[in-house]
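Have a look at this prediction, sequence included:
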Amino acid sequence: MKTTMNRLMLTGILFLVILFGFISFATGDWGPPETNVPPQQQYPQQQYPQQQYPQVNQPLDAPSGIAQSFRDVFGRFSVNLPSGTVPVGATYNFNIPSSMCQVSIMVMPQEQTFQMQQQNFPYMMEQMGATIDADQQTNVKGRQARFIAATMIDENTGMSTHSMNVFVSGPGLWIQIMGYEQNMQQIKQVYSAVMSGLQF
């Protein structure tokens with residue numbers, strides 16, 4: 001069971017990495033691909049001036065106007081961020097071994113980023129070989145939301161992985177409950193529990 005949960009967790013992490021890579025690619029400024037790439041020429045190695053960097057245990061000169069302090073939700077660390085720092089997103093991952101499910105919660109404070117992620121999600125899943133089982137508007141605690149369910153084959157195990165995804169407008173929240181399709185009943189129970197326990 002532990003091996004199955006590890007594979008499920010790895011699948012979820014891989015899914016998020018691919019998703020962020022897809023979004024980074026979609027929003028990047030990419031030029032046309034080069035078809036005829038000439039062989040690279042050898043250039044003499046250049047000498048660069050040595051920069052002096054502070055050691056990790058030495059205090060740094062703080063930039064003027066420290067704007068905000070960020071504290072990890074698990075209490076492992078905190079950090080002061082420079083003025084002008086803009087939050088882009090945060091992701092929380094949870095395993096539920098008894099249900100063999102994984103819960104991922106991502107919050108995106110910027111509305112444009114959230115809308116782009118929501119719109120691109122079905123296309124991205126289809127590109128990964130998934131089947132979209134449902135795509136419909138719904139309501140979550142009085143807020144407009146979009147529900148998307150998808151199924152795809154886990155290449156490592158050959159088993160079908162099912163995910164239930166809810167994109168909640170306003171707070172910019174994406175909640176995903178994922179598990180093997182054979183545990184569909186548990187996935188639905190976890191989904192209901194998470195949605196019932198959600199507060200804004």
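All right, it came through fine.

could you pull out the strands for the protein?
68-71, 78-81, 90-96, 101-107, 131-140, 143-153, 160-168, 173-180 (DSSP state E).

Would you mind putting those strands into JSON lines with mean pLDDT and distance to residue 119 alongside?
Backbone N, C-alpha and C define where each C-beta goes, glycine included. Shown next, in JSON lines, are these (pLDDT from 0 to 100; distance: least, Cβ to Cβ, whole Å):
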{"stretch": "strand 68-71", "mean pLDDT": "84", "distance to residue 119": "29"}
{"stretch": "strand 78-81", "mean pLDDT": "91", "distance to residue 119": "29"}
{"stretch": "strand 90-96", "mean pLDDT": "95", "distance to residue 119": "19"}
{"stretch": "strand 101-107", "mean pLDDT": "96", "distance to residue 119": "15"}
{"stretch": "strand 131-140", "mean pLDDT": "95", "distance to residue 119": "11"}
{"stretch": "strand 143-153", "mean pLDDT": "95", "distance to residue 119": "9"}
{"stretch": "strand 160-168", "mean pLDDT": "96", "distance to residue 119": "9"}
{"stretch": "strand 173-180", "mean pLDDT": "96", "distance to residue 119": "12"}
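
Just give the number of residues close to residue 153.
15 (other Cβ atoms under 10 Å).

what sits against it?
Counting by Cβ atoms under 8 Å, 6 or more residues apart in numbering, residue 153 touches 129, 159, 160, 161.

If you rank those residues by neighbours, which is first?
With neighbours taken as other Cβ under 10 Å, the top of the contacts of residue 153 is residue 161, carrying 22 neighbours.

Is it correct that that residue is in contact with residue 179?
Yes: counting by Cβ atoms under 8 Å, residue 161 does reach residue 179; the two are 7.2 Å apart.

Tell me what the nearest residue to residue 170 once chain neighbours are set aside is bridged to.
Nearest non-adjacent residue to residue 170, counting by Cβ to Cβ, 6 or more residues apart in numbering: residue 143, 5.1 Å away. Beta bridges link residue 143 to residue 140, judged by DSSP bridges.

Quick check: residue 143 touching residue 172?
No: between residue 143 and residue 172 there is no contact under Cβ under 8 Å: 10.9 Å.

Neighbour count for these two, which is higher?
Neighbours were counted for residue 143 and for residue 172 using other Cβ under 10 Å; residue 172 has more, 20 against 14.

Surely that one and residue 105 touch.
No: Residue 172 is not in contact with residue 105 according to Cβ under 8 Å; the separation is 11.4 Å.

Point to the helix or strand of the chain where mean pLDDT is at its lowest.
helix 2-27 (a mean of 49; mean pLDDT, DSSP states H and E).
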